[in-house]
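Participant: Please work out how this folds:
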Amino acid sequence: MNKPASIFTRQAVLHLLVIYLVWGSTYLAIRVGVREGSGFPPFFLGGTRALTASLILLAWNAFKGSRLRLTKQELLPVVLSGLALWLGGNGFIMVGEKFVDSSLAALIIAGAPLITALIESVLDKKPLSPVLLGFILIGIAGIGVLSVPNFRSGVQTDVFGTLMILLGSLFWSIGTIIQGRNRLPLAPTVNAGYQMLFGGVAFIIAALLLREPLPTPRLDAWLAWGYLVVFGSIIAFTSFLKVLHLLPMKIVMTYSYINPIVALILGYLILSEPITIWTIAGTILVLVGVFGVFSFHRREARLKPVKP
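Facilitator: Got it, this is the predicted structure:
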């Protein structure tokens, strides 16, 4: 009897590692790019980042001869996922990181799988089991613990920044679900290019409507922008879309375990962001909750009967 092929191919593992490490570091780059005095307003940073990356990806695919024309069936999922992941997810994160530490942003975004599980249970009209609900509540409690210092501080910008990150987590979950439930016959880099194009245009429109000042970035902000374009947008986001076709969504979402740890270490080492008892306790609760959600789904998948 032939041994069944593993879904964890070398290509799948490589793309997963890119997401783990690069996206963990983008929180630091965003903080450097949008913090006070950087000279880069959040939506202009997001728009120029996304549009630059999209043009590079689409030009590269045109050179390779990939299909660029979107069908009517492909247009809506690409637009909606692009707006949710970029304007909604990345947009709220960048606004939030203008006021809060990069490590806090990463740890709150780590709770995205909890939100994903809740939304999918509603979409599938499948009630949550007590075990799954328990893990989700543990993770949500962790997000609450992480947010306590900012809410207790009474500083309006701290509270606002934390709320923005929470909204970013919600929209990132929505975009991931739209992407995962619409497996389009597009090259992943074409899909990524169009998502960034629609998201980037929306960013610029939002920047103009909000009357953000024109960018006057410092050198460190330009370097952060370049890192976000090349590594965060082109390399890691393309890996994210590719791995969604290679592995189940719930395995892909395990990047939520690693990203906050990478962000926590980098924030501490490079920006001297504090690691407090609230940070440690909240991190443990969030990771336990996320781990429990993934473990539950893996166990459920193994027990599901195979159709003859």
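Participant: Please count neighbours and contacts with C-alpha atoms only from this point.
Facilitator: OK.
Participant: Contacts only, for the residue nearest to residue 177 when sequence neighbours are not counted.
Facilitator: Once flanking residues are discounted, residue 177 sits nearest to residue 116: 7.1 Å by CA to CA, 6 or more residues apart in numbering. Neighbour list for residue 116: 173, 174, 177 [criterion: CA atoms under 8 Å, 6 or more residues apart in numbering].
Participant: Just give the number of residues close to the second one.
Facilitator: Counted with other CA atoms under 10 Å, residues neighbouring residue 174 total 23.
Participant: Look up how far residue 29 lies from it.
Facilitator: As judged by CA to CA, to the nearest Å, residue 174 and residue 29 stand 24 Å apart.
Participant: residue boundaries of the helices in the stretch 1-150 of the chain?
Facilitator: 10-34, 42-64, 72-82, 91-97, 102-109, 112-123, 130-153 (DSSP state H, counting those that start in this stretch).
Participant: so who does the residue nearest to residue 58 when sequence neighbours are not counted touch?
Facilitator: Nearest residue to residue 58 in three dimensions, chain neighbours excluded: residue 193, at 5.6 Å (CA to CA, 6+ apart). Each residue near residue 193 by CA under 8 Å, 6+ apart is listed here: 53, 54, 55, 56, 57, 58.
Participant: Find the helix or strand that residue 193 is a member of.
Facilitator: Using DSSP states H and E, residue 193 sits within helix 188-209.
Participant: repeat for residue 256
Facilitator: Per DSSP H and E: helix 255-271 holds residue 256.
Participant: who does that helix touch, helix- and strand-wise?
Facilitator: helix 10-34, helix 102-109, helix 277-303 (3 or more CA pairs under 8 Å, 6 or more residues apart in numbering; DSSP states H and E).
Participant: Check those helices for me and report the most buried one.
Facilitator: Most buried of the helices and strands packed on helix 255-271, by mean neighbour count (mean count of other CA atoms under 10 Å): helix 102-109, with a mean of 28.
Participant: List the contacts of residue 74.
Facilitator: For residue 74, counting by CA under 8 Å, 6+ apart, the contacting residues are residue 184.
Participant: To which secondary structure element type does the residue nearest to residue 105 when sequence neighbours are not counted belong?
Facilitator: Once flanking residues are discounted, residue 105 sits nearest to residue 165: 6.0 Å by CA to CA, 6+ apart. Assigned by DSSP: H, G, I helix; E, B strand; the rest coil, the conformation of residue 165 is helix.
Participant: Check the contact between residue 165 and residue 101; I expect there is one.
Facilitator: No - contact criterion CA atoms under 8 Å: residue 165 and residue 101 do not qualify, at 10.7 Å.
Participant: So what touches stretch 31-49?
Facilitator: 86-87, 90-91, 94-95, 97-99, 101-102, 199-204, 206-207, 212-218, 220-222, 224-226, 228-229, 233.
Participant: what separates it from the chain centre, distance-wise?
Facilitator: Remark: stretch 31-49 is offset 17 Å from the chain centroid, using CA atoms, centre = their mean, to the nearest Å.
Participant: Can you pull out the low-pLDDT segments for this protein?
Facilitator: 1-8, 153-156, 250, 297-308 (pLDDT under 70).
Participant: got a list of contacts for stretch 12-30?
Facilitator: Against stretch 12-30 from outside (CA under 8 Å, 6+ apart): 94, 97, 102-103, 105-106, 224-225, 227-228, 231-232, 235-237, 239-240, 242-243, 246-247, 252, 255-256, 258-263, 266-267.
Participant: how near is residue 46 to residue 204?
Facilitator: Taken as CA to CA, the span from residue 46 to residue 204 is 8 Å.
Participant: Would you point out which residue is most central in the protein?
Facilitator: Closest to where the C-alpha atoms of the chain average out (CA atoms, centre = their mean) is residue 172, at 5.5 Å.
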